[in-house]
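A.B. asks: Following is a predicted model, sequence given first.
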Amino acid sequence: MAAITMLEGIRQAIFEEMDRDPAVVALGEDIGVYGGAFKVTEGLLARFGPERVIDAPISETAIVGAACGMGYLGLRPIVEMQFIDFIACCFNQVTNFAAKSHYRWGAPVPMVLRGPSGGGVHGGPFHSANPEMYFMHTPGLKIIYPSTAYDAKGLLKSAVRDNNPVLFFEHKYLYRRIKEEIPVEEYTVPIGKAAVRREGKDLTILSYAAMVHTSMEAAEMLAKEGIDAEVIDLRTLLPLDREAILVSVKKTSKLLIVHEDTRTGGIAGEIAALVCEGAFEDLDGPIARVTSLDTPVPYSPPLEERFLPNAEKVAAAARDLAKY
Amino acid sequence: MHVANSVKETGTTAAKLTRAQHLDLYYHMQLNRQLEDRMVRLFRQNKIVGGLYSSLGQEAVSVGTAYALEPKDWLAPMIRNIGALLVKGFKPRDIMTQHMAKYTSPTFGKDGTSHFGDLKVHHTISPISMLGDLIPVMTGVAMAGRYLGQNIVALTWIGDGGSSTGAFHEGLNFAASQRAPFVLVVENNQWAYSTPVARQVPVKNLADRAVAYGITSKITDGNDVLAVYGTTKEAVEECRAGHGPVLIEVKTHRMKGHAQHDPAEYVPKEMVEYWKARDPIARYEKFLTENKIWDAKTKSEIDSRIERELDEDQKFAEESPLPPPELAEQGVYCDGCHTIEADWQRSKDELTPPNCSVDAVWEVKSFGSLDPDADAEMKAAAPTKAPQQSSGNGAPHARSEKSSPKTPPKALANSPVKATAAAGDKDALETAAALRVPFGRGPKDRAFREERAQKEKEKTRRGKRGRR
């Protein structure tokens, strides 16, 4: 089987799930005739028709609200945010309506809310965000942020079948830049399980999404210097795979967390607390983090490069940590 | 094209009800009032955990609207729609235990007031405190019901205050663009907490807003239960026939403060008196007597039945335990505790490829010109006549007609997609060919770019200056 991009993996997951179950419908802005801003849903309308592929007005609140209502009647809507930044427009529907529904009155909302996220493509302050932490703080949601084509496909299929509102972040830098061979036969990837991308013994680099690739690059640089780094890909942020994090930290005794999200209130803080609670005795050094700056995502290339973490910054932090 | 923006007054004669139904309306309105009356007493005894919102004077709205729905229809109440919950089949004990935060409440004490629902039997969706959010949600319910072939109608309420939210606009616009079978009752009780309606909106009638959405609207007397019922019944029928959504403004008055803590001193005394004289229950009692639908004996039988039921349910609620603390940790996720299954009332085959597949094309009906003559000119310039008029209400039921190639396609009013024109219908075919751009042919399409580049080249060759 030929190698496919992450975008193609996502596309295949949507097609396969809609083929499998007519309760799966798609709605969003320009997803039908146009095929989506990034062409993820190209051909979807032709195959599944206008009843199942709904071009909605520019109304994020209405789209997510309607998806909740559809979910109550037993449908499984896949909602596209044209850019995930616009999820801010439907914050209330996501956090107050969808997320709390099952806890409050036992009504599950089986909805997937997916969209392109992340920087590195010079999209500027409103087309580059990583807004996952707004939602990390919202019980009732699940958050997936894959880094490979295989995972993107398998996790999206799991998300569609999940009974809860799932936010599915698709790093747009990875859409067409990574390629991978995936199995011909059907598969899913379980939600809530991290993956070890590189085994190592000296320190753990914990990351997700595009930063997994940055971390892998850094790990290769470090290997040449004799530092053997383990790289863990979280894949799912909520619920967090506590077990996998603690196992790796107990093994290497050193933890570096890398995320593209901004620093203050980023997931690194939460993981640091979790490690202190569960593996403090095993730590041989301070928990370190490499993150974006605490600023909006700037537009101009030199500014954005300064803003984002890169392999050099990760390697430098790892070298400091390895000295302990 | 179905865009009737008529605003009409509906008289009390509109409703055609049996004697039993007439009495049922009274029963529910009185039950609503007596239940709330008891809860006020419970509140004063500190037995209600949170706030208590009164719908005194608005009972006809909740009861009359909900009574126009069939059991299969869906509703989503607001805090002052306890009467609608009763009509839909919930018991007074559900509402009492909710307010008293008991373990026996529909939410087991996890949420209060009328923040509960039931997907399986009562088809009722729980509200949240943020106003307007139910409008898009019920739009989705209406769309899903249509998709599943259930022929249902979804209904929710919004206050005059909540009509100023963004969710109101987004939801109603989406419902309108989808022609969803959705009834929105704008319950104008004159007050958004302490702000009178005239300070919130500059329009005379909230129903006037329907014009902006291209949907039907109606105005009715919210203190006349038969008028409310009749108007809603009409709206529900219009929606069921595919002519939705419909906005109904009911004019009424909130007779108490925003909640129990609010003495509502900002409401002019004369205004209270004006509406007190129009009390919906007293008016309806008079109607029943004057039309000889009941006598004193019937009234006292219903009243004592209400008394009996409320005694029983109040006892149940008061004796119910509070939830065990560990319940707080449970139920954040649905981990298989609920099965999600749609109630299919049409063949799934219709929605499965290849039956659901279409030739996806752009269809541009108007060139958007300010000058109507220009539109006509451009259309005349095209090799054929005007496009075939579509069926109107646009429930998206279009499928490609591949199985029956002789039939002309059923077109959609609101979907940009049209099935391929049938070979037999030459005019339609030519029109379609003239007006549509094949799927996928945008500026980013390679063939499109190449074609354009070729044209540019030719232009340059002829000595004209290229655009670049």
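C.D. replies: Nice, I can see it.

A.B. asks: Neighbouring strands - and their directions - for the strand ranked longest in chain A?
C.D. replies: Criterion DSSP state E: the longest strand present in chain A is strand A:255-262. Strand A:255-262 has its sheet partners listed here by DSSP bridges as strand A:203-207 (parallel), strand A:288-292 (parallel).

A.B. asks: Dump these into a markdown table; add mean pLDDT and mean neighbour count as well.
C.D. replies: Bear in mind the C-beta positions are built from the backbone N, C-alpha and C, glycine included. Below are these laid out as a markdown table (pLDDT from 0 to 100; neighbours: other Cβ atoms under 10 Å in any protein chain shown):
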| stretch | mean pLDDT | mean neighbour count |
| --- | --- | --- |
| strand A:203-207 | 98 | 29 |
| strand A:288-292 | 98 | 22 |
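
A.B. asks: Can you add distance to residue B:53 and give the ones you listed back as CSV?
C.D. replies: CSV is the format used below for the strands paired with strand A:255-262 (distance: least, Cβ to Cβ, whole Å):
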stretch, distance to residue B:53
strand A:203-207, 48
strand A:288-292, 45
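
A.B. asks: right, and these - which one's nearest residue B:342?
C.D. replies: strand A:203-207 (38.8 Å; Cβ to Cβ).

A.B. asks: And for the closest one, what's in contact with it?
C.D. replies: For strand A:203-207, the external contacting residues (Cβ atoms under 8 Å, 6 or more residues apart in numbering or on different chains) are A:214-215, A:218-219, A:227, A:229-234, A:245, A:248-249, A:251-259, A:271, A:314, A:318, A:321-322.

A.B. asks: Mind checking which of the residues you listed land in helices?
C.D. replies: A:214-215, A:218-219, A:245, A:248-249, A:251-252, A:271, A:314, A:318, A:321-322 (DSSP state H).

A.B. asks: tell me which parts of the stretch 151-300 of chain A are close to chain B?
C.D. replies: A:163-164 (Cβ under 8 Å from any Cβ of the partner chain).

A.B. asks: which ones are touching the residue of the stretch 151-300 of chain A at minimum distance from chain B?
C.D. replies: As assessed by Cβ to the nearest Cβ, chain B sits closest to residue A:163 within the stretch 151-300 of chain A, at 3.9 Å. Shown in contact with residue A:163 (Cβ under 8 Å, 6+ apart): A:102, A:108, A:110, B:333-336, B:338, B:340.

A.B. asks: From these, keep the buried residues only.
C.D. replies: Among those, those classed as buried by neighbour count (16 or more other Cβ atoms under 10 Å in any protein chain shown) are A:102, A:108, A:110, B:333-334, B:340.

A.B. asks: Strands of chain A, start to end?
C.D. replies: A:3-5, A:24-28, A:53-55, A:76-80, A:112-117, A:142-144, A:166-171, A:179-181, A:195-198, A:203-207, A:229-233, A:236-238, A:255-262, A:288-292.

A.B. asks: Format these as CSV; extra columns: distance to residue B:125.
C.D. replies: Shown next, in CSV, are the strands of chain A (distance: least, Cβ to Cβ, whole Å):
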stretch, distance to residue B:125
strand A:3-5, 40
strand A:24-28, 19
strand A:53-55, 20
strand A:76-80, 16
strand A:112-117, 19
strand A:142-144, 22
strand A:166-171, 21
strand A:179-181, 42
strand A:195-198, 38
strand A:203-207, 40
strand A:229-233, 38
strand A:236-238, 25
strand A:255-262, 34
strand A:288-292, 40
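
A.B. asks: tell me the most buried of those?
C.D. replies: Highest mean neighbour count among the strands of chain A (mean count of other Cβ atoms under 10 Å in any protein chain shown): strand A:203-207, with a mean of 29.

A.B. asks: The nearest residue to residue A:58 once chain neighbours are set aside and residue B:167: what is the separation?
C.D. replies: The shortest distance from residue A:58 to any residue other than its chain neighbours is 5.7 Å, reached at residue A:29 (Cβ to Cβ, 6 or more residues apart in numbering or on different chains). Distance from residue A:29 to residue B:167, counting by Cβ to Cβ, to the nearest Å: 17 Å.

A.B. asks: higher neighbour count, those two?
C.D. replies: Neighbour tally, residue A:29 and residue B:167, criterion other Cβ atoms under 10 Å in any protein chain shown: the higher count belongs to residue B:167, 25 against 21.

A.B. asks: isn't the more buried one right next to residue A:65, touching?
C.D. replies: Yes: at 6.9 Å, residue B:167 and residue A:65 qualify as touching, with contact defined as Cβ atoms under 8 Å.

A.B. asks: Can you check which residues contact both of these two?
C.D. replies: A:93, B:133, B:135-136.

A.B. asks: Pick out the most distant pair among the residues you listed.
C.D. replies: So, these by Cβ to Cβ: farthest apart are A:93 and B:135, at 11.0 Å.

A.B. asks: Which neighbours do the two have in common?
C.D. replies: A:65, B:167.

A.B. asks: So these two - more neighbours on which side?
C.D. replies: Taking neighbours as other Cβ under 10 Å, residue A:93 and residue B:135 compare with residue B:135 leading, 33 against 30.

A.B. asks: what about the residue nearest to the more buried one when sequence neighbours are not counted, how many neighbours?
C.D. replies: Excluding its sequence neighbours, the residue lying closest to residue B:135 (Cβ to Cβ, 6+ apart) is residue B:171, at 3.0 Å. Residues within reach of residue B:171, counting by other Cβ under 10 Å, total 33.

A.B. asks: Could you do the one 3 residues further on as well?
C.D. replies: The local packing count at residue B:174 equals 28, with neighbours defined by other Cβ under 10 Å.

A.B. asks: Surely residue A:200 touches residue A:220?
C.D. replies: No: contact criterion Cβ under 8 Å: residue A:200 and residue A:220 do not qualify, at 11.1 Å.

A.B. asks: quick one, which of these two is more surrounded?
C.D. replies: Using other Cβ under 10 Å, the more surrounded residue of residue A:200 and residue A:220 is residue A:200, with 20 against 14.

A.B. asks: Now for the more buried one: which residues touch it?
C.D. replies: Contacts for residue A:200 (Cβ under 8 Å, 6+ apart) come out as A:219, A:228-231, A:252.

A.B. asks: just to revisit the earlier point, dump the contacts of residue A:163 to a markdown table, plus pLDDT.
C.D. replies: Listed next are those as a markdown table, based on pLDDT from 0 to 100:
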| residue | pLDDT |
| --- | --- |
| A:102 | 98 |
| A:108 | 97 |
| A:110 | 97 |
| B:333 | 98 |
| B:334 | 97 |
| B:335 | 94 |
| B:336 | 91 |
| B:338 | 95 |
| B:340 | 95 |
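
A.B. asks: Just the ones in helices from those, please.
C.D. replies: residue A:102.

A.B. asks: okay, the contacts of residue A:163 in TSV with distance to residue B:65 next?
C.D. replies: Shown next, in TSV, are the contacts of residue A:163 (distance: Cβ to Cβ, whole Å):
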residue	distance to residue B:65
A:102	28
A:108	28
A:110	29
B:333	35
B:334	31
B:335	37
B:336	36
B:338	29
B:340	29
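
A.B. asks: and which of the contacts of residue A:163 is nearest to residue B:188?
C.D. replies: Taking the contacts of residue A:163 together and measuring to residue B:188 by Cβ to Cβ, the closest member is residue A:102, at 33.6 Å.

A.B. asks: which outside residues touch stretch B:83-91?
C.D. replies: B:28-29, B:31-32, B:35, B:55, B:59, B:61-63, B:65-67, B:69, B:71, B:75, B:77, B:92, B:94-95, B:106, B:114, B:118, B:121-124, B:157, B:313.

A.B. asks: Got phi/psi on the residue nearest to residue B:194 when sequence neighbours are not counted?
C.D. replies: When the adjacent residues along the chain are set aside, residue B:194 lies closest to residue B:266, with 4.9 Å between them (Cβ to Cβ, 6+ apart). Dihedral angles of residue B:266 (phi, psi; degrees, to the nearest 10) stand at phi -80, psi -10.

A.B. asks: tally of neighbours for whichever residue of the stretch 251-400 of chain B sits closest to chain A?
C.D. replies: Of all residues in the stretch 251-400 of chain B, residue B:342 sits closest to chain A, at 3.0 Å by Cβ to the nearest Cβ. Residue B:342 has 18 neighbouring residues, counting by other Cβ under 10 Å.
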